[in-house]
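1. sequence unknown, structure follows:
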């Protein structure tokens, strides 16, 4: 999932797959019915909060609190029952039967049924919607890809509504992480009548943005705030303590931190790097493991970036440790491959990144040699190009450092440009860039989430990297039943994209939050989604 913010600080590598992070305490013994409100800094305005169309972390947090899938991610980071109170899996691992709670309700009190899931999934598989995450259905569900491509009827797709409260899903092959997938926004249920009433603007109004999650979004003032209230019809409403939330959109960390320190904002997720050591010392900055990679896209459709030698020269001329020390400062991990640490292999013991190791190393002399071989000795004749990033203080500092490294090490002059988040996303998706900042947070705990996005036909392949062997290896991995072989196929594919530098990793993310001491029970997963269903205000902590 696309990453918009720069998070700070982890001093040790943590195994992430099954480690949950509960922020500012746990339990709810001190929660009272009065003053159960909080202010959270979302950080930016979301491009979309349509569960089928969202591609970013900010939008995912919105969807996760307004909706609930068949499963959900609990505060221990394990899959928990969501709308489905239970499920059965066939002996061969390809058929999942989900049994829905009969007390699951929409925010207007109507029951959530299996038909609501079928409607949402069929909508996501409509090519006219152009849902970038549709591949999570087409890659996994039997005949979903054929239906998407117009080669099968809906009746052929492995999605069957058995009755109002039972839905059966047949997969192409056994998929160990499928229960994680059905917790994702693309798999959330939708109310057909609400979408028809709201039309293309259905997400803009609390009247038509009808969800089935613990909270209801009642007002969205773009580039300013979102107003939320508790969904009294949520099946587990008795355990939701907050009555109201305001989510503000303060983009710059230098503005958000003073507001937090004054008590005007309860939770922020980004701090100025220079302030991080002080906040850590004062025990105000909470450290949270995260599965994510910060990288650069090279537009491989534009010369000379279509030459792997040029891309590799640019990558090898970047001193990642200097960026870490000067900008990040507090423990991010320099990246020499695309898949981060924290994902176990099929044996349940080996870490994918540790086993794969570093797949390249910085080498200025080799970078100069490669650039000369490509026809640009000492940078002579290299065309004017622009490095694009979304507006953010830390992104700017990183871009400026890379700009200087390319000039000093390779003799290349690169311009810098920035855009606001929503504009930036569209620009990058449209391919209107030379070099662009990228960031990806895992959608599920598996190496594939960091690799298949660079397949030739993937909607998230903004740099348009293409390699037939890379595609073939990952396609084979997607259908492999031998899980050890699957791991090796993914290792082989990662070596290919790193050798050609189809993407340029800079560092592996870690995350942080500043949470007021009276806010308890907020939790954030290593997939960067923030949940408030267990949150509450402890009035005694204000004294």
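-> Perfect, thanks for sending it. Please read all numbers here as calculations on a predicted model, not as lab measurements.

2. show me where the stretch 251-400 of the chain has strands.
-> Ranges of strands within the stretch 251-400 of the chain are 267-268, 286-288, 292-298, 333-334, 385-390, based on DSSP state E, counting those that start in this stretch.

3. got the ones you listed as CSV, with distance to residue 379, mean pLDDT and mean neighbour count columns?
-> C-beta: built from backbone N, CA, C; applies to glycine. Conversion of these to CSV gives the following (distance: least, C-beta to C-beta, whole Å; pLDDT from 0 to 100; neighbours: other C-beta atoms under 10 Å):
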stretch, distance to residue 379, mean pLDDT, mean neighbour count
strand 267-268, 41, 98, 26
strand 286-288, 40, 82, 21
strand 292-298, 17, 98, 25
strand 333-334, 25, 96, 18
strand 385-390, 12, 98, 20
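
4. for residue 306, find the nearest of those strands.
-> Comparing those against residue 306 with C-beta to C-beta, the closest turns out to be strand 292-298 (8.9 Å).

5. got the angle for that closest one vs strand 385-390?
-> 150 degrees (axes from the mean of the first three to the mean of the last three C-alpha atoms, to 10 degrees).

6. return the distance of strand 292-298 from the chain's centre.
-> Distance of strand 292-298 from its chain centroid, counting by C-alpha atoms, centre = their mean, to the nearest Å, is 13 Å.

7. again, but for stretch 295-304
-> The chain centroid and the centroid of stretch 295-304 are separated by 22 Å, computed with C-alpha atoms, centre = their mean.

8. state the mean pLDDT of stretch 53-62.
-> For stretch 53-62, mean pLDDT rounds to 93.

9. now the strands of the stretch 251-400 of the chain as a markdown table including distance to residue 172?
-> A markdown table is the format used below for the strands of the stretch 251-400 of the chain (distance: least, C-beta to C-beta, whole Å):
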| stretch | distance to residue 172 |
| --- | --- |
| strand 267-268 | 40 |
| strand 286-288 | 34 |
| strand 292-298 | 27 |
| strand 333-334 | 34 |
| strand 385-390 | 36 |
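
10. among those strands, which comes closest to residue 131?
-> strand 292-298 (21.1 Å).

11. for residue 437, give me the backbone phi and psi.
-> As for residue 437, its main-chain torsions (degrees, to the nearest 10) stand at phi -70, psi 140.

12. so it touches residue 389, yeah?
-> Yes. At 4.1 Å, residue 437 and residue 389 qualify as touching, with contact defined as C-beta atoms under 8 Å.

13. so residue 422 touches residue 55, yeah?
-> No. At 11.3 Å, residue 422 and residue 55 do not qualify as touching, with contact defined as C-beta under 8 Å.

14. joint contacts of these two?
-> Counting by C-beta atoms under 8 Å, 6 or more residues apart in numbering, the contacts common to residue 422 and residue 55 are residue 47.

15. coming back round to it: so for residue 350, which of the strands of the stretch 251-400 of the chain sits nearest?
-> Short answer: strand 333-334, nearest of the strands of the stretch 251-400 of the chain by C-beta to C-beta, at 17.9 Å.

16. residue 72: which of the strands of the stretch 251-400 of the chain is closest?
-> Of the strands of the stretch 251-400 of the chain, the one closest to residue 72 (C-beta to C-beta) turns out to be strand 286-288, at 18.5 Å.

17. which strands or helices does that closest one pack on?
-> Counting contacts by 3 or more C-beta pairs under 8 Å, 6 or more residues apart in numbering; DSSP states H and E, strand 286-288 is packed against strand 511-515.

18. list the strands paired with the strand it packs on, with their directions.
-> Take DSSP bridges as the rule and strand 511-515 pairs in its sheet with strand 267-268 (antiparallel), strand 286-288 (antiparallel).

19. what domains does the record give for this protein?
-> The record's domain parsing of the chain by automatic domain parsing lists 1-65+213-290+511-543, 68-200, 292-508.

20. measure the last one end to end?
-> Using C-alpha to C-alpha, to the nearest Å, one end of domain 292-508 lies 6 Å from the other.

21. where's that domain relative to the chain centroid, distance-wise?
-> Relative to the chain's own centre, domain 292-508 is displaced by 17 Å; criterion: C-alpha atoms, centre = their mean.

22. next: the second one.
-> Distance, stretch centre to chain centre, for domain 68-200: 19 Å (C-alpha atoms, centre = their mean).

23. quick check: mean pLDDT of that domain?
-> So the average pLDDT for domain 68-200 ends up being 96.

24. so how far does stretch 506-524 reach from one end to the other?
-> One end of stretch 506-524 sits 24 Å from the other (C-alpha to C-alpha).

25. let me redo that: stretch 450-459
-> End-to-end distance for stretch 450-459: 13 Å, by C-alpha to C-alpha.

26. tell me the SS of residue 96?
-> strand (DSSP: H, G, I helix; E, B strand; the rest coil).

27. quick one: it from residue 140, how far?
-> Per C-beta to C-beta, to the nearest Å, residue 96 is found 10 Å from residue 140.

28. one more: residue 212?
-> For residue 212, the distance to residue 140 equals 23 Å [C-beta to C-beta].

29. likewise for residue 99?
-> Relative to residue 140, and taking C-beta to C-beta, residue 99 is found at 20 Å.

30. how far is stretch 67-79 from where the chain is centred?
-> Here stretch 67-79 is found 15 Å from its chain centre; the criterion is C-alpha atoms, centre = their mean.

31. next, the buried residues of it.
-> Buried residues in stretch 67-79, defined by neighbour count with 16 or more other C-beta atoms under 10 Å: 67-75, 77, 79.

32. show me where the stretch 151-300 of the chain has helices.
-> Under the criterion DSSP state H, counting those that start in this stretch, the stretch 151-300 of the chain contains helices at 178-181, 192-198, 253-261, 276-281.

33. hmm, who's touching the third one?
-> It refers to helix 253-261. Under the criterion C-beta under 8 Å, 6+ apart, residues 41, 43, 250, 265-268, 270-272, 275, 393-394, 514, 516 lie in contact with helix 253-261.

34. what do you get for stretch 383-400?
-> Against stretch 383-400 from outside (C-beta under 8 Å, 6+ apart): 4-6, 251-254, 270, 272-273, 296, 303-305, 323, 326-328, 402-403, 413-421, 424-425, 427-428, 433-437, 506.

35. buried only: go through the residues you listed for me.
-> For those, buried by 16+ other C-beta under 10 Å: 4-6, 251, 253, 270, 272-273, 296, 304-305, 323, 327-328, 402-403, 414, 418-419, 421, 424-425, 427-428, 433-437, 506.
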